[in-house]
Each structure stands twice: as structure tokens, then as C-alpha cells.
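**Student:** Compute the structure for the input listed below.
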Amino acid sequence: MKRSGAVKFPNSVQLFKFCQKVLTHQRGAKVHDQEIGEILSFNPSDCSHWKRGEKNVRSVFALAKLAETLKVETALIHDVASGAAGLDEAFFEFQEATAIKEAQSKATAASPAELAEARKRVEAFVGELHKQAEFNTPPLYLPEVLRFFSFVQTQPIDMIDRLTRILRTKPGQYTVNFRKGDLKAQTRMSLAKDLARIVFEGERARFPELGAANPALVAFEQVVFVGALLAPKALILSEMSKMDARRNVIAELSALFWVPKLLVSFQLQDALRTGERHGVVRSSSTDVRATAV
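**Tutor:** Below is the predicted model of the structure:
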């Protein structure tokens with residue numbers, strides 16, 4: 001007999017789908033339901049109940065095991081299990097975390113001096129945008145920045161497969177479509193990333209201050225641009241100094257700047273690497289420290 005009515009544990013359904021989607025992406029092949037259940041030593045019946053939302057998967061040990069197997073941040077698994085992040089938003093964060101690591105790895109082909117100079121150019125470029133937009137208090141509202149890029153338009157549409165999509169409407173003109181509805185932090189980051197792709201890849205010649213493109217650094221430049229645009233390090237460190245270090249600082253900064261937690265973590269880690277350090281903080285969700293000067 002076919003079941004009817006509301007799903008008892010909808011967040012568990014999303015967690016199952018997230019695990020399946022990540023494993024499928026990592027393996028490049030279809031993943032069967034029971035392969036997901038085996039991560040937690042579930043028998044076929046328990047696995048089926050989990051998939052249908054009849055079994056709630058919320059144990060900290062179970063979530064830690066899923067994070068370890070999928071090689072993702074435990075905080076991201078907790079966000080899906082609690083409903084703080086939907087399936088598409090969580091998968092976007094997974095993909096972006098991977099993309100940031102790949103960009104950093106590729107950037108090692110450049111010399112430390114080239115890397116530092118590229119970061120300096122990009123942050124100066126963003127700083128000028130912030131100045132023109134009179135941005136001093138988070139969060140940054142993207143329309144205030146996008147108005148300086150007259151060749152880029154945005155349009156909300158019904159989208160299923162992704163959060164945003166770039167359309168080249170004619171030479172030198174672009175429209176970035178984004179998912180209609182409540183604008184999530186992940187969608188904001190995706191919009192900023194698409195703007196970065198247009199500026200650093202398609203229309204770089206418009207901005208001589210960015211210098212000539214170095215293939216090893218273009219992806220890294222885009223990561224730096226997105227982070228500096230939405231969550232500038234100096235402002236993050238300033239806001240962090242006002243917070244109670246016993247609280248989940250990463251989560252609070254993420255909400256304040258209206259960005260995914262992974263972007264806050266990247267900015268704090270980059271501040272450590274570049275020596276921009278103010279205050280000592282250890283978040284309960286990620287091992288990111290800033291040491292007082």
C-alpha cells in the first residue's frame with residue numbers, strides 16, 4: 001500500500017540525497033542506495049527508512065562518520081541534517097570548497113612574489129569598488145556593486161539544476177540568471193563568482209589595473225575577488241573582535257556577512273597566511289585561529 005502524508009523527517013531525506021549526490025560526483029558513477037546506508041552500517045530496511053524520511057539521522061557520531069567518508073566539513077553535514085542548508089546550497093558549498101583547493105593548488109605553479117602581487121592587485125580592485133559603493137557595514141548588497149559593471153545584468157528565473165548561470169547575450173554583454181525566491185548566501189556567492197569569471201576571463205581587457213592574465217593564477221584571483229568582495233578580511237577581523245569567542249564565530253560571521261561559512265573560513269585562513277591577524281578565536285565548527293598582534 002502506498003504511503004501518504006507528510007514526510008516525518010524531511011531533513012534526513014535531504015541528508016540522504018546530499019550524501020548520494022556527493023558520492024556520485026566523487027566516483028563519477030551511479031551510487032546505489034545501500035552504498036549510502038553502509039556508511040552507517042545500516043541494513044537495507046534502515047537504509048530505506050532513512051531515504052524515505054522515516055528514520056532521523058542526527059547522531060553526532062553518525063554525522064561525523066558521514067563527513068569523514070564524504071571528506072566534507074562536519075559543519076556542512078550538520079547544516080543539512082538540521083535544515084540550515086538545502087540540498088542545492090549544500091552541494092554548491094561542497095563544489096566550491098573543492099574548487100578553492102584546486103585553485104590554491106594550481107597557484108603554487110607561480111612564485112610567492114607573483115602570488116602576493118596578484119592578491120594585492122585583486123584586493124585593491126575590490127577596495128575601489130567598495131569605496132565607490134560606500135560599503136562600510138556588512139552585508140554588501142550586490143546591486144550596489146553590479147551597477148559599476150554596465151555590461152552585466154542579472155535576472156531572477158525559475159532554475160532547477162543550479163543556483164546561477166551566465167548567458168553571453170552579445171559580444172561584451174552578459175546576463176547572469178539566478179534562482180528566483182529567497183536569496184540565499186550560496187546564491188550570492190555564486191553570483192559573485194560568475195561576475196569574477198566575466199571580469200577575469202571574458203572582459204579582463206576592460207580593466208588594465210588587473211594586469212595580464214597568468215593561467216596559473218586566474219582561478220585563484222577569482223577566489224580572492226569573491227572573498228574580498230563579499231567578506232573583506234579587515235572587516236571580518238574587526239567584527240570578529242567584537243564577538244564572544246565562546247560562540248560559533250564562523251556561523252555568526254557567516255550570517256552577518258550573508259555568505260557561506262566556507263567563504264568566512266577561507267578569508268580567516270588567508271588572513272593567517274598573509275599576516276593580517278587580530279584577536280584569538282577558535283570556532284566550534286572549524287579549526288580556524290587568529291593570533292593577536
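**Student:** Name the residue closest to the centre of the protein, please.
**Tutor:** Closest to where the C-alpha atoms of the chain average out (CA atoms, centre = their mean) is Glu93, at 4.3 Å.
**Student:** Can you show me the strands along the stretch 101-250 of the chain?
**Tutor:** Remark: strands of the stretch 101-250 of the chain, listed N- to C-terminal, are 152-157, 164-170, 173-179; assignment by DSSP state E, counting those that start in this stretch.
**Student:** highest average neighbour count across those strands?
**Tutor:** strand 173-179 (a mean of 19; mean count of other CB atoms under 10 Å). Bear in mind the C-beta positions are built from the backbone N, C-alpha and C, glycine included.
**Student:** returning to what we had before: just the buried positions in the helix or strand that the residue nearest to the centre of the chain is a member of, please.
**Tutor:** Take DSSP states H and E as the rule and Glu93 turns out to sit in helix 87-107. With burial defined by 16 or more other CB atoms under 10 Å, the residues of helix 87-107 counted as buried are 88-94, 96-97, 100, 103-104, 107.
**Student:** That helix packs against which elements?
**Tutor:** Counting contacts by 3 or more CB pairs under 8 Å, 6 or more residues apart in numbering; DSSP states H and E, helix 87-107 is packed against helix 10-27, helix 74-82, helix 185-197, helix 218-230, helix 261-274.
**Student:** hmm, try it at 6 Å
**Tutor:** Contacting helix 87-107 under the criterion 3 or more CB pairs under 6 Å, 6 or more residues apart in numbering; DSSP states H and E are the following elements: helix 10-27, helix 74-82, helix 218-230, helix 261-274.
**Student:** Contacts for it next, please.
**Tutor:** In this structure, residues lying in contact with helix 87-107 by CB atoms under 6 Å, 6 or more residues apart in numbering are 14, 17-18, 21-22, 72, 76, 80, 115, 163, 184, 186, 216-217, 219-220, 223, 260, 262, 266.
**Student:** if we can go back for a sec, for Asn43, which of the strands of the stretch 101-250 of the chain is the nearest?
**Tutor:** Comparison of the strands of the stretch 101-250 of the chain against Asn43 by CB to CB identifies strand 173-179 as nearest, at 37.4 Å.
**Student:** what are the pairing partners of the closest one, and which direction each?
**Tutor:** According to DSSP bridges, strand 173-179 has the following sheet partners: strand 152-157 (parallel), strand 164-170 (antiparallel).
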